[in-house]
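**Q** Dropping a prediction and its sequence here:
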Amino acid sequence: MSRAAVYGTGSWGTAFAAVLADAGTPVTMWGRRPEVVAQVNEGVNRDYLPELRLPGTVRATTDPAEAADGADVVVLAVPSQTLRDNLTAWGHVLPGDAAVVSLMKGVELGTTRRMSEVVAEVGGVDPDRVVVVSGPNLAREIAAKQPAASVVASRSEEMAERVAAACAAPYFRPYTGSDVVGTEIAGAVKNVIALAVGMAEGLGMGDNSKASIITRGLAETMRLGTALGGEAVTFAGLAGVGDLIATCMSPLSRNHSFGVRLGQGMAVDEVVALTRQTAEGVKSCTSILELAGAHGVDVPIIEQVDAMIRHGRTAQEVVAALLSRPRKAETA
């Protein structure tokens with residue numbers, strides 16, 4: 001029987017811990033906040049998923065080494081921009097033969113590295129042991145045990161199968177794949193596109209407008225992903241269009257909701273103060289734009305979202321800039 005360690009006690013880390021446990025995999029979670037760890041050991045996580053009753057095979061600790069003890073599946077569910085610091089602090093305790101799973105969807109600021117690259121570099125993890133899980137997986141729906149599917153991608157078929165077996169719960173269906181690059185890029189970029197879709201909704205635009213942004217956003221994602229070596233078919237699957245639709249259209253999506261408030265005229269700092277959270281797309285849009293620029297990839301939606309986040313451009317100015325771009329063939 002597999003045993004899993006989950007590092008991070010936020011919404012998705014907690015929901016995925018429940019998935020693992022419901023699939024028959026005992027879980028030890030690591031959290032930095034003693035009060036949240038105490039809650040998890042009582043079977044709840046009131047701060048993030050108060051409606052979820054955790055299985056009895058989920059426990060938690062503030063000791064990274066204790067969490068890792070005996071684990072053959074290690075799941076990293078910390079905020080993407082904190083991954084480097086976290087692995088620097090406790091990456092040395094990760095078992096040398098475990099599958100190391102990234103649930104994170106971002107590109108590192110300053111280095112433009114994907115999360116799997118940070119795991120390999122800072123955690124000293126062989127890239128063949130890194131696994132990426134990504135798909136249309138809104139944490140609250142997973143916590144409610146609503147049926148969902150996801151991609152489990154790794155360069156190693158053995159590692160992908162190990163993780164898929166560990167998380168194959170009655171309501172959660174994993175599909176294995178080998179395209180780590182495409183899966184990660186799809187997961188990171190969709191957050192930025194969701195901000196743009198949310199802005200359109202906040203401005204009062206309808207489904208035609210939102211569908212247009214999603215479709216052109218998918219084109220940007222595919223251009224960047226394939227330029228980095230990802231496979232085009234990935235972007236038509238669960239990690240691509242599946243996750244994009246869920247994140248762009250659901251009010252449960254933090255990025256979508258953040259974008260709606262921006263479209264309604266709130267500043268980034270005001271939204272952060274109101275929600276007490278910063279959406280992943282807000283943090284990653286600049287690094288994704290830099291990554292695209294380094295590879296000569298045109299990403300106008302991401303560019304405009306970054307201009308709004310960093311330079312104070314208004315939502316109306318963003319829409320005008322996108323609509324005034326020179327005409328071209330759709331597939332160009």
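**A** Cool, the structure landed.
**Q** wait, what's in contact with the nearest residue to Ala307 once chain neighbours are set aside?
**A** Leaving aside its sequence neighbours, Ala307 sits nearest to Arg313 (C-beta to C-beta, 6 or more residues apart in numbering; 4.3 Å). (Each C-beta comes from the backbone N, C-alpha and C, glycine too.) Shown in contact with Arg313 (C-beta atoms under 8 Å, 6 or more residues apart in numbering): 304, 307, 321.
**Q** Just say helix, strand or coil for the residue nearest to Asp22 when sequence neighbours are not counted.
**A** Leaving aside its sequence neighbours, Asp22 sits nearest to Ala169 (C-beta to C-beta, 6+ apart; 4.1 Å). Recorded secondary structure, Ala169: coil (DSSP: H, G, I helix; E, B strand; the rest coil).
**Q** Now do Ala169, the pLDDT please.
**A** We have a pLDDT of 98 for Ala169.
**Q** neighbours around it, how many?
**A** Neighbourhood size, Ala169 [other C-beta atoms under 10 Å]: 20.
**Q** just the one 5 residues further on next, same as before
**A** Other residues within reach of Pro174 by the criterion other C-beta under 10 Å amount to 24.
**Q** Ala67 reaches Arg32, doesn't it?
**A** No - under the criterion of C-beta atoms under 8 Å, Ala67 makes no contact with Arg32, lying 11.4 Å away.
**Q** Compare those two (neighbour count), which wins?
**A** Taking Ala67 and Arg32 together and counting by other C-beta under 10 Å, Ala67 has the greater number of neighbours (25 against 15).
**Q** Just give me the residue right at the centre of the chain.
**A** Centroid-nearest residue in the chain: Lys105, 2.8 Å away (criterion: C-alpha atoms, centre = their mean).
**Q** for that one, what are its contacts?
**A** Lys105 sits next to 80, 115, 134, 184, 187-188, 190-191, 280 when contact means C-beta under 8 Å, 6+ apart.
**Q** at 6 Å what do you get?
**A** For Lys105, the contacting residues are 187-188, by C-beta atoms under 6 Å, 6 or more residues apart in numbering.
**Q** Just the helices from the stretch 51-200 of the chain, written as ranges.
**A** For the stretch 51-200 of the chain, the helices defined by DSSP state H, counting those that start in this stretch occupy 64-68, 83-90, 115-123, 139-143, 157-166, 180-202.
**Q** With respect to Leu291, which of these lies nearest?
**A** When these are compared by C-beta to C-beta, helix 180-202 sits nearest Leu291, at 8.6 Å.
**Q** count of neighbours near Gly206?
**A** As a burial measure, Gly206 scores 9 neighbours (other C-beta under 10 Å).
**Q** For Ser212, which of the helices of the stretch 51-200 of the chain is the nearest?
**A** Per C-beta to C-beta, nearest to Ser212 of the helices of the stretch 51-200 of the chain: helix 180-202, 8.7 Å.
**Q** That closest one - contacts with which helices or strands?
**A** If contacts are counted by 3 or more C-beta pairs under 6 Å, 6 or more residues apart in numbering; DSSP states H and E, helix 180-202 sits against strand 130-134, strand 148-154, helix 207-227, helix 243-249, helix 254-263, helix 280-294, helix 300-311.
**Q** re the thing from before, measure the residue nearest to the centre of the chain to Val74 for me?
**A** The gap separating Lys105 from Val74 is 18 Å, by C-beta to C-beta, to the nearest Å.
**Q** go on, Gly198?
**A** Between Gly198 and Val74 the computed distance is 33 Å (C-beta to C-beta).
**Q** Would you mind giving the helices and strands packed on helix 180-202 as JSON lines with mean neighbour count, mean pLDDT and distance to Ala15 added?
**A** Output for the helices and strands packed on helix 180-202, formatted as JSON lines (neighbours: other C-beta atoms under 10 Å; pLDDT from 0 to 100; distance: least, C-beta to C-beta, whole Å):
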{"stretch": "strand 130-134", "mean neighbour count": "28", "mean pLDDT": "98", "distance to Ala15": "12"}
{"stretch": "strand 148-154", "mean neighbour count": "24", "mean pLDDT": "98", "distance to Ala15": "10"}
{"stretch": "helix 207-227", "mean neighbour count": "19", "mean pLDDT": "96", "distance to Ala15": "24"}
{"stretch": "helix 243-249", "mean neighbour count": "23", "mean pLDDT": "97", "distance to Ala15": "14"}
{"stretch": "helix 254-263", "mean neighbour count": "25", "mean pLDDT": "95", "distance to Ala15": "14"}
{"stretch": "helix 280-294", "mean neighbour count": "22", "mean pLDDT": "96", "distance to Ala15": "16"}
{"stretch": "helix 300-311", "mean neighbour count": "20", "mean pLDDT": "94", "distance to Ala15": "27"}
